[in-house]
Each structure stands twice: as structure tokens, then as C-alpha cells.
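Asks: coords please:
(one chain, ligands or ions: 1)
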Amino acid sequence: MNAVLTPLAGAVAVEVRPSTIHGEGVFALRSLPPGWRVGVYEGRRYGPEELRERPPEREMTYVFGLSDGTLIDAADGGNATRHINHSCEPNCQANEEMADDGELDIVIRTKRRIRAGEELSIDYRLDVGGDDPARYVCRCGSARCRGTMAL
Ligand SMILES: [Zn+2]
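Replies: Numbering: from 1, shown residues only. Below you'll find the predicted structure:
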């Protein structure tokens, strides 16, 4: 069964299915133009001061950090955008955009035209603190792969 990313204007344009990069990925079902809005990275928000309250046993797999220090954990209330895999040569980009309610959102948009069937990807640019970047192995397979999902 495939999860489908909603809501989108018009017909369903992407779907979640197994990826050769890692686990599940998000794939275009039709050609997507450059700058196309894939979706908002949703999930539970944690302010910098709330980090201690976060369940410690939970993995950091789906955590996205904003420039104002807010963290969005898509393991809790996330949508299909959390399945977008990392690539060192991505075809999508995650940007901070101000929503109508004044909240800062992470919006995923295509960087270039994407063919039907292509997997969507973003550069995670993981902030691993003092950790060894080699622990975050990248298998994106692009010619410019830097070997790690870390910055
Ligand atoms: Zn790579």
C-alpha cells in the first residue's frame, strides 16, 4: 500500500514507496515544474527550551531544525514529506517560509523540472554537533556524493 501526500492542488502528483536510497522515498507520478510546492514539513514543534521534555527514547530520524531554534519532529504528526530522502545532489530544496498565521514553516519545493518516476530528494545538511560525520553514511549515488548526510 502506498501512502499519498495530501493535500495538493489538483491531481495526486507524488507517492511514497520503497526507495533504493533508503527505506521509503517520495516519487513523482508526473512531471513537476521547477519551484513546485511539494508540501510543508509538518510535525510536533519543540522550542529550544522544550528540548528536555522531548521523549529521550525517540529517534532523531525525522527532526528538522529551523533558524529560530524551533525543531519539528515529523515522527509525531508528520506527513509524507518526512519520507523524502537525502541526496548530495538533490532535486528539491527545503526553505523556511512565513505562513499566513505568522509561523515559520519548512516548505519543500522542486529545484528543477522532475520527470515522472524520479525520486524526490533534499540535502539534509545534518548538524551532527561534535559527532563523526562518517557515522551518517550517504548512499545517494550521485556523482558529487560527499559520503555523509552531515554538513
Ligand atoms: Zn551522497
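Asks: which residues of the chain fall in strands?
Replies: Using DSSP state E, the strands of the chain run over 14-18, 24-28, 37-40, 44-46, 63-65, 71-73, 85-86, 92-98, 104-110, 121-122.
Asks: which of those strands sits most buried?
Replies: The highest mean neighbour count among these, using mean count of other C-beta atoms under 10 Å, belongs to strand 121-122: a mean of 24. (C-beta placed from N, C-alpha, C; glycine too.)
Asks: so what does the lowest-mean-pLDDT helix or strand in the chain touch, helix or strand wise?
Replies: Least confident helix or strand, the chain: strand 63-65 with a mean of 87, by mean pLDDT, DSSP states H and E. Secondary-structure packing of strand 63-65 (3 or more C-beta pairs under 8 Å, 6 or more residues apart in numbering; DSSP states H and E): strand 71-73.
Asks: Which residues outside the strand it packs on are in contact with it?
Replies: Defining contact as C-beta atoms under 8 Å, 6 or more residues apart in numbering, one finds that strand 71-73 is touched by 41-46, 48, 51, 54, 58, 62-66, 106.
Asks: just stretch 83-97 next, same as before
Replies: Stretch 83-97 is contacted by residues 3, 16, 19, 21-26, 38, 41, 64, 66-67, 104-112, 114, 118-124, 138, 140, 142-146, 149 when judged by C-beta under 8 Å, 6+ apart.
Asks: and the ion, which of the residues you listed contact it?
Replies: 138, 140, 145 (C-beta under 5 Å from the ion).
Asks: Many thanks, have a good one.
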